[in-house]
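# Okay, sequence plus prediction incoming.
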Amino acid sequence: MDNILNFVAGGLLQLSWWQVILVTLVLTHITIVAVTVFLHRNQTHRGLDLHPIISHFFRLWLWLTTGMVTKEWVAIHRKHHAKCEKEGDPHSPVVYGIEKVMWQGAELYREESANEETLKRYGHGTPDDWLERNIYTRHSGLGIILTLIVDVLLFGAAGLAVWAVQMAWIPFWAAGVVNGLGHYIGYRNFSSPDTSTNLFPIGIIIGGEELHNNHHAYGTSAKFSSKWYEFDIGWLYIKLMSYVGLAKVRKVAPKLKLEQKPDLVTEKTLQGVITHRYEIMTRYADLLKQAAQAEIERLKGVKDSLSIQQAALLKSVADRITQAEQSLKPTEKEELENALSQNKVLATLVTMRDDLTRVWASSTASSEQLLQDLQAWCQQAQQSGIQGLEQFALRLKRYAA
């Protein structure tokens, strides 16, 4: 009887409570690494290649600890990027609301995983061997049952809690926090055409996925950190694996290259602008913010009632000028349009921003046409009479691929 009670209390390992917590954190961290390195950076975006040994280890681990099917996860995430913040995005707070994505992200995942069209269109290139077809996909729930048995054997009754934490870890952190808060709060290094944010500059808890805005700016990069103060632990593991031949990095975000004194806007300039478009739009957002604040201060200095009203309206919508359009409610868009209609400088800046975006957004224009559009944009900006825009155009001409 004592042996049975001892087993129920501590299982085969007989660990103390703090040791159980430590082991649980290690186990869940391995799962996070499997998601960010294997599912996300390797399978979905092809930012790196993994040795078959480590690749299969991650597949087995995810089968045991999450029950997720590689093809389903990859397809859903690729669709998220393709439809980001628009109708069809499987888990956008803009579409579904932050509370639903935060707390019901796993349900949204399961609903989309049943969409055969999503899997067919976005799930290509994922493992399709005998193990995947006959074990990992066909019996996706078997792995988590085996993990439950192993947890109870190793930790006794506490194994139930260990297993519960393992099962909730990815649904909460990945489906909830990254997909929800990663498009809701945080800071942005790049003005990507979505609401993605960096949750923290130190990416450890979610394996570097905290740097979500950086990822949306350069989706195929195997490295998520961008600024010197940012840390991506997933990238650390990738580098360590590459040193021992278990990984090979294929793509990272390009380094910014600026020419010293360019005279003309050339094909090289065009390629540089397209490559660094989100860094460029971040600088343009700063230009808009500075212009908005300058206009507010100018209007405050004019003591008539109309200027005071315009200043108040502009102050209330100043932040919206730099936000992605799809993140704005209809009433907010209307207020913004009203404010811009009363301010020629800001209206010009917003129009010029939209024109610049079209240089890289066009999917049908030839390189020659895009180059002509960029040249015309720079010429118009330099003749705008807006000092900040003129200086911006001069810098834009320095970009190079």
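It's in. Numbers count the residues shown, from 1 in each chain.

# What segments of the protein are strands?
48-50, 202-203, 231-232, 247-249 (DSSP state E).

# Deepest-packed of these, please.
Across the strands of the chain, averaging neighbours per residue (mean count of other C-beta atoms under 10 Å) puts strand 231-232 on top, at a mean of 22. Bear in mind the C-beta positions are built from the backbone N, C-alpha and C, glycine included.

# and Ile98, which of the strands of the chain is closest to it?
strand 202-203 (21.1 Å; C-beta to C-beta).

# So which elements touch that closest one?
Where contact means 3 or more C-beta pairs under 8 Å, 6 or more residues apart in numbering; DSSP states H and E, strand 202-203 is packed against strand 231-232.

# Give me the mean pLDDT for the strand it packs on.
For strand 231-232, mean pLDDT is 98.

# hang on, the earlier thing: could I get the strands of the chain as CSV with distance to Met68?
Shown next, in CSV, are the strands of the chain (distance: least, C-beta to C-beta, whole Å):
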stretch, distance to Met68
strand 48-50, 17
strand 202-203, 21
strand 231-232, 22
strand 247-249, 21
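
# Can you check which of the ones you listed gets nearest to Ser367?
Using C-beta to C-beta, the strands of the chain put strand 247-249 closest to Ser367, at 28.7 Å.

# Run the chain-centre distance for the closest one.
21 Å (C-alpha atoms, centre = their mean, to the nearest Å).

# Which among the strands of the chain is found nearest to Asp89?
Asp89 lies closest to strand 202-203 among the strands of the chain, at 23.0 Å (C-beta to C-beta).

# Can you pull out the residues in contact with the closest one?
Glu209, Glu210, Leu211, Phe224, Ser225, Glu230, Phe231, Asp232, Ile233, Gly234 (C-beta atoms under 8 Å, 6 or more residues apart in numbering).

# Give the pairing partners of it; include direction for each.
Strand 202-203 has its sheet partners listed here by DSSP bridges as strand 231-232 (parallel).

# for the closest residue to Gly186 other than its chain neighbours, phi and psi?
On the basis of C-beta to C-beta, 6 or more residues apart in numbering, the spatially nearest residue to Gly186 that is not a chain neighbour turns out to be Thr197, at 3.1 Å. Thr197 has phi and psi values of phi -130, psi 160 when expressed as degrees, to the nearest 10.

# Tell me where the model's unsure across the stretch 301-401 of the chain.
Applying pLDDT under 70 to the stretch 301-401 of the chain flags residues 326, 363.

# From Tyr187, how far off is Ala9?
According to C-beta to C-beta, to the nearest Å, Ala9 and Tyr187 sit 46 Å apart.

# Please disregard the earlier target; I meant Ser140.
37 Å.

# repeat for Leu299
Counting by C-beta to C-beta - Leu299 and Tyr187 are separated by 29 Å.

# who's more crowded, these two?
Neighbour count, other C-beta atoms under 10 Å: between Leu299 and Tyr187, Leu299 has more, with 21 against 11.

# My read is that the more buried one contacts Leu306, right?
No - when contacts are counted by C-beta atoms under 8 Å, Leu299 is not listed as touching Leu306 (9.1 Å).

# follow-up on the earlier one: including distance to Trp63, could the contacts of strand 202-203 go into CSV?
Formatted as CSV, those follow (distance: C-beta to C-beta, whole Å):
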residue, distance to Trp63
Glu209, 21
Glu210, 26
Leu211, 27
Phe224, 25
Ser225, 29
Glu230, 32
Phe231, 29
Asp232, 26
Ile233, 23
Gly234, 20
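
# thinking again about what came up before, shouldn't the residue nearest to Gly186 be in contact with Asn213?
Yes - the pair Thr197 and Asn213 qualifies as a contact (C-beta under 8 Å) at a distance of 5.1 Å.

# got any residues that touch both of those two?
By C-beta under 8 Å, 6+ apart, the residues touching both Thr197 and Asn213 are Gly182, Gly186, Tyr187, Arg188.

# Compare those and tell me which is most surrounded.
Among the shared contacts of Thr197 and Asn213, Gly182 has the most neighbours (other C-beta under 10 Å), with 26 neighbours.

# Before we move on, what's the pLDDT of the nearest residue to that residue once chain neighbours are set aside?
Computed as C-beta to C-beta, 6+ apart, the closest residue to Gly182 that is not its neighbour in sequence is His212, at 3.7 Å. The score at His212 is 97. That number is its pLDDT.

# Can you report how many residues lie near His212?
If we define neighbours as other C-beta under 10 Å, then His212 has 25 of them.

# roughly how far apart are it and Pro201?
12 Å.

# and if you look at Leu50?
27 Å.

# Also Leu287?
24 Å.

# same thing with Phe224?
11 Å.

# before we move on, what about Gly272?
27 Å.

# between these two, which one's more packed in?
Gly272 (24 against 18).

# Would you enumerate the residues in contact with the more buried one?
Lys257, Tyr399, Ala400, Ala401.

# Who are the contact partners of the nearest residue in space to Ala365 that is not next to it in sequence?
Leaving aside its sequence neighbours, Ala365 sits nearest to Asp373 (C-beta to C-beta, 6+ apart; 7.4 Å). Residues near Asp373 by C-beta under 8 Å, 6+ apart: Arg358, Val359, Ala365.

# can you give me phi and psi for the last one?
It stands for Ala365. Dihedral angles (degrees, to the nearest 10) for Ala365: phi -70, psi 150.

# Give the burial count for it, as a bare number.
Using other C-beta under 10 Å: Ala365 sits among 15 other residues.
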